[in-house]
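Participant: take a look and give me a structure for this.
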Amino acid sequence: MSSARRRALIAVAIVVVVLVAGAGAWLAFRPGAARADDPGLHFVAGTRRVTTTAAPSTTARAAPTTTARPLPQPEDVPVDPNASVPVNQIGTIEIPKIGLVHPIFEGIWLTVINQGPGHWPGTAMPGGYGNAVFAGHRVTHTHPFRHIDLLVPGDEIIVKTGTGTFRYRVTSSEVVKPTETRIVDQTPGYHITLFACHPPGSATQRYVVHGDLEDPPAG
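Facilitator: Purely as a prediction, here's the structure:
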């Protein structure tokens with residue numbers, strides 16, 4: 001083979017190698033392609049061109065909530081959140097001035113005071129040392145405390161429980177804000193506190209009646 005022919009074949013081989021290499025580069029770096037080690041980078045016509053396009057978010061969207069609504073109660077009676085609270089009668093209360101004679105119960109949950117005046121847990125028991133506190137309705141259910149605003153100093157409050165009969169005398173009354181929980185504080189002596197929403201039909205204030213036990217234990 002002449003030297004001229006050999007040089008021609010070598011030249012053709014070089015061109016083929018260059019073309020194949022160029023085609024491979026184009027396939028590898030075509031527009032929109034990105035290498036696994038360079039996420040978010042795009043290559044155009046074999047030339048690496050860095051862009052500021054943020055990597056696509058991989059955060060999955062939360063599936064829409066599919067929580068089933070509870071079945072309606074029979075006759076659409078609303079569920080009382082305090083329905084499981086026991087209603088335990090602890091005695092009776094009598095207020096002759098307003099003609100009240102009514103059972104009293106332990107607790108101030110709605111289920112309890114819907115039945116009648118409820119004793120505030122943790123306060124003194126009737127006849128006990130401290131402040132026995134009772135809450136009651138004025139305009140709903142049996143509305144036992146509807147007319148406690150008629151009570152004046154000297155009026156009688158009689159509470160009967162399994163431990164005895166205790167007679168209190170009204171000493172004062174006041175109107176307070178719902179946040180004034182001082183009315184349930186325990187204080188030295190033998191006291192009783194009755195309270196209800198005020199004015200009747202509203203819950204913006206509380207009407208409070210205070211009383212002291214007649215003939216407290218000596219000492």
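Participant: residue ranges with poor pLDDT in this protein?
Facilitator: 1-79, 81, 219 (pLDDT under 70).
Participant: packing partners of the longest strand along it?
Facilitator: As assigned by DSSP state E, the longest strand anywhere in the chain is strand 164-176. If you count contacts as 3 or more C-beta pairs under 8 Å, 6 or more residues apart in numbering; DSSP states H and E, strand 164-176 packs onto strand 156-161, strand 190-198, strand 205-213. Using the backbone N, CA and C atoms, a C-beta is placed for each residue, glycine as well.
Participant: tell me the buried residues in it?
Facilitator: Neighbour-count burial for strand 164-176, counted by 16 or more other C-beta atoms under 10 Å, picks out 166, 168, 170, 173.
Participant: kindly report the same for stretch 181-190.
Facilitator: So stretch 181-190, judged by 16+ other C-beta under 10 Å, has buried residues 183, 190.
Participant: now swap in stretch 80-87 and tell me
Facilitator: For stretch 80-87, by 16+ other C-beta under 10 Å, it's residue 87.
Participant: pull the longest strand of the chain out as CSV, backbone CA atoms only.
Facilitator: This file holds the C-alpha atoms of strand 164-176, laid out as CSV (Å, rounded to 0.1, in the frame of the first residue of the first chain):
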residue,chain,number,x,y,z
GLY,A,164,-76.8,16.5,109.6
THR,A,165,-78.9,19.7,109.1
PHE,A,166,-77.0,22.9,108.7
ARG,A,167,-78.5,26.4,109.0
TYR,A,168,-76.8,29.3,107.4
ARG,A,169,-77.7,33.0,107.5
VAL,A,170,-77.1,35.3,104.5
THR,A,171,-74.4,37.9,105.2
SER,A,172,-74.0,39.6,101.8
SER,A,173,-74.3,39.4,98.0
GLU,A,174,-72.4,40.7,95.1
VAL,A,175,-72.1,40.6,91.3
VAL,A,176,-68.8,39.5,89.9
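Participant: adjacent strands (with direction) for it?
Facilitator: strand 156-161 (antiparallel), strand 205-213 (antiparallel) (DSSP bridges).
Participant: quick revisit: in a markdown table: the buried residues of strand 164-176, plus distance to residue 180.
Facilitator: Compiled in a markdown table, those are given as follows (distance: C-beta to C-beta, whole Å):
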| residue | distance to residue 180 |
| --- | --- |
| 166 | 26 |
| 168 | 21 |
| 170 | 19 |
| 173 | 14 |
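Participant: quick one on the thing from earlier: using a markdown table, please lay out the strands paired with strand 164-176 together with mean neighbour count.
Facilitator: Listed next are those as a markdown table, based on neighbours: other C-beta atoms under 10 Å:
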| stretch | mean neighbour count |
| --- | --- |
| strand 156-161 | 20 |
| strand 205-213 | 20 |
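Participant: surely residue 205 touches residue 183?
Facilitator: No - applying C-beta atoms under 8 Å, one finds residue 205 not in contact with residue 183, separated by 11.9 Å.
Participant: thinking again about what came up before, and the strands paired with strand 164-176 as CSV, adding distance to residue 107?
Facilitator: Formatted as CSV, the strands paired with strand 164-176 follow (distance: least, C-beta to C-beta, whole Å):
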stretch, distance to residue 107
strand 156-161, 15
strand 205-213, 18
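Participant: residue 84 is nearest to which of those strands?
Facilitator: strand 156-161 (24.8 Å; C-beta to C-beta).
Participant: what's that closest one in contact with?
Facilitator: 90-97, 104, 125-127, 132, 165-170, 192, 194, 209, 211 (C-beta atoms under 8 Å, 6 or more residues apart in numbering).
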